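A.B. asks: next one to model:
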Amino acid sequence: MIRCPTHGSRNLVTSMSALTPELLLLILSRLAQGQPVALEDLAEHAAVSSETLVAILPELVDHGVRQRRDGSLRVPGGVDLLDSDRIADAVRSTLPKRADIKVYGVTGSTNDLARAWIENGGSAPAVILAEAQTAGRGRRGRAWSSPVASNVYLSQIEMLAGGLQGAVGLSLATGVAVAEAIEEVAAVPVALKWPNDLLARERKLGGILVELVTSGAASRAILGIGINVRVPAYTSAGIDQEWIDLAQTSRGRVERNLLAAAIITHLSRMLERFRQQGFNADLRRRWQARDPFFSRRVVARSDQGEIRGWGRGIDASGEFLIETESETVRVGAGEVSLRLEKQA
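C.D. replies: Numbering: from 1, shown residues only. A predicted model of the protein is given here:
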């Protein structure tokens, strides 16, 4: 089950209109079963006044909270909170060996928790999930919007031999596994924008951040995954790119526990082969089948300038190929931004 923050006498509201992630998670956890809870009881559970709870009610509506005529609050249908036991039961038959699965409440970043797990001697494989992140990040250090009890934030820790060389193409292979997991659970076609974005309807559905922790000859890979399942309206206003979530694309409600289990399962199967064969021809083929930029005009920008041409997929090491007027250029991930070229 989730590890919720403690809630003694400390008031978790910083102002009458400020709803902190910790407070929101406490409220949603109390309403998770879908049964009505008296306003006063909920306020006591969250260590705030009833007046404060009334003041933040307009923000709670975005998370499905409704006030009944008698003043009590409920979430019709309940709240889809993450549950480590449910996830473990769903993946137990597919993992090569039993993995530690930890679900936290509000944290800075699941990748940071994963790194601390490794540094403290934790075993691999292991999976860390959170209901919310306050310092989620994507490639190039960009902030990743991580609202409470809405999406999937997951970091899977795996053993990996060969250091940096053994990780060539791992981010792309991770994208393939996650895309296939999403399609299995939500029946939503997923494209892969090089090097680490997941798209649906040409808008961002999720992202991947792979990090390595190396000690001597031993390496551990942290596969960080963020998937938009149901983005609250108040959060979407602060996102600076075109995005989409599974609530907009899937025909039915997507359960986050089932999605997390599918992602873990597909990642585990992929890693088992990746450790033996690396980024092989099969993974390359599966990635290129999802490339939305293939045979389209693209522009790659970096501090060194820009390259314009036709997208030609990836090579055996996962570098993106751009066919210019005079040559085919290989582009490495690094600090490069890849976009479709805007037509005049």
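A.B. asks: use CA for all of it now, contacts and neighbours both
C.D. replies: OK.
A.B. asks: give the buried residues for the strand or helix carrying I118.
C.D. replies: I118 is part of helix 110-119 when elements are defined by DSSP states H and E. Residues of helix 110-119 classed as buried by neighbour count (16 or more other C-alpha atoms under 10 Å): T110, N111, D112, L113, A114, R115, W117, I118.
A.B. asks: any idea which of those is closest to F294?
C.D. replies: Using C-alpha to C-alpha, N111 is the member of those that lies nearest F294, at 30.9 Å.
A.B. asks: list the contacts of that closest one.
C.D. replies: If you count contacts by C-alpha atoms under 8 Å, 6 or more residues apart in numbering, N111 has them with L154, S155, I222, L223, G224.
A.B. asks: and the pLDDT for it?
C.D. replies: We have a pLDDT of 96 for N111.
A.B. asks: what's the answer for R339, then?
C.D. replies: 93.
A.B. asks: report the beta-bridge partner residues of it.
C.D. replies: Residues in a beta bridge with R339, per DSSP bridges, are V299.
A.B. asks: roughly how far does it sit from P195?
C.D. replies: The gap separating R339 from P195 is 11 Å, by C-alpha to C-alpha, to the nearest Å.
A.B. asks: which one of these two has more residues nearby?
C.D. replies: P195 (24 against 15; other C-alpha atoms under 10 Å).
A.B. asks: wait, that one touches S171, no?
C.D. replies: Yes. At 7.3 Å, P195 counts as touching S171 under the criterion of C-alpha atoms under 8 Å.
A.B. asks: give me the low-pLDDT residue ranges for the stretch 151-300 of the chain?
C.D. replies: 216-217, 234-240 (pLDDT under 70).
A.B. asks: show me where the stretch 201-344 of the chain has helices.
C.D. replies: With DSSP state H, counting those that start in this stretch as the criterion, the stretch 201-344 of the chain has helices at 233-236, 246-249, 256-277, 281-288.
A.B. asks: now I101: phi and psi?
C.D. replies: According to degrees, to the nearest 10, the main-chain angles of I101 amount to phi -120, psi 120.
A.B. asks: alpha carbons only: can I get the following helix or strand past the helix holding I118 in PDB?
C.D. replies: Sequence order places strand 126-133 as the next helix or strand after helix 110-119, per DSSP H and E. Below are the C-alpha coordinates for strand 126-133, written out as PDB (Å, rounded to 0.1, in the frame of the first residue of the first chain):
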ATOM      1  CA  ALA A 126      13.300  -3.200  -7.700                       C
ATOM      2  CA  VAL A 127      10.500  -0.900  -8.700                       C
ATOM      3  CA  ILE A 128       9.700   2.500  -7.000                       C
ATOM      4  CA  LEU A 129       6.400   4.300  -7.700                       C
ATOM      5  CA  ALA A 130       4.900   7.500  -6.200                       C
ATOM      6  CA  GLU A 131       1.500   9.100  -6.100                       C
ATOM      7  CA  ALA A 132       3.100  12.500  -6.800                       C
ATOM      8  CA  GLN A 133       6.500  14.100  -7.500                       C
END
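A.B. asks: without its sequence neighbours, what residue ends up closest to L154?
C.D. replies: L129 (4.5 Å; C-alpha to C-alpha, 6 or more residues apart in numbering).
A.B. asks: look up how far N257 lies from that neighbour.
C.D. replies: 10 Å.
A.B. asks: and for Q276?
C.D. replies: For Q276, the distance to N257 - C-alpha to C-alpha - is 29 Å.
A.B. asks: correct me, but L340 touches R301?
C.D. replies: No. Taking contacts as C-alpha under 8 Å, L340 lies outside contact range of R301: 11.1 Å.
A.B. asks: where does the stretch 1-150 of the chain dip in pLDDT?
C.D. replies: 1-18, 94-97, 137-145.
A.B. asks: helices along that one, start to end?
C.D. replies: 21-30, 39-46, 50-60, 84-91, 110-119.
A.B. asks: alpha carbons of the last one, as CSV, please.
C.D. replies: Taking only C-alpha atoms (Å, rounded to 0.1, in the frame of the first residue of the first chain), the coordinates of helix 110-119 have been written out as CSV:
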residue,chain,number,x,y,z
THR,A,110,11.2,8.3,-8.1
ASN,A,111,14.6,8.3,-9.9
ASP,A,112,16.2,10.0,-6.9
LEU,A,113,14.6,7.4,-4.6
ALA,A,114,15.9,4.7,-6.9
ARG,A,115,19.4,6.1,-6.7
ALA,A,116,19.2,6.3,-2.9
TRP,A,117,18.0,2.7,-2.9
ILE,A,118,21.1,1.6,-4.8
GLU,A,119,23.5,3.7,-2.7
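A.B. asks: appreciated, that's everything.
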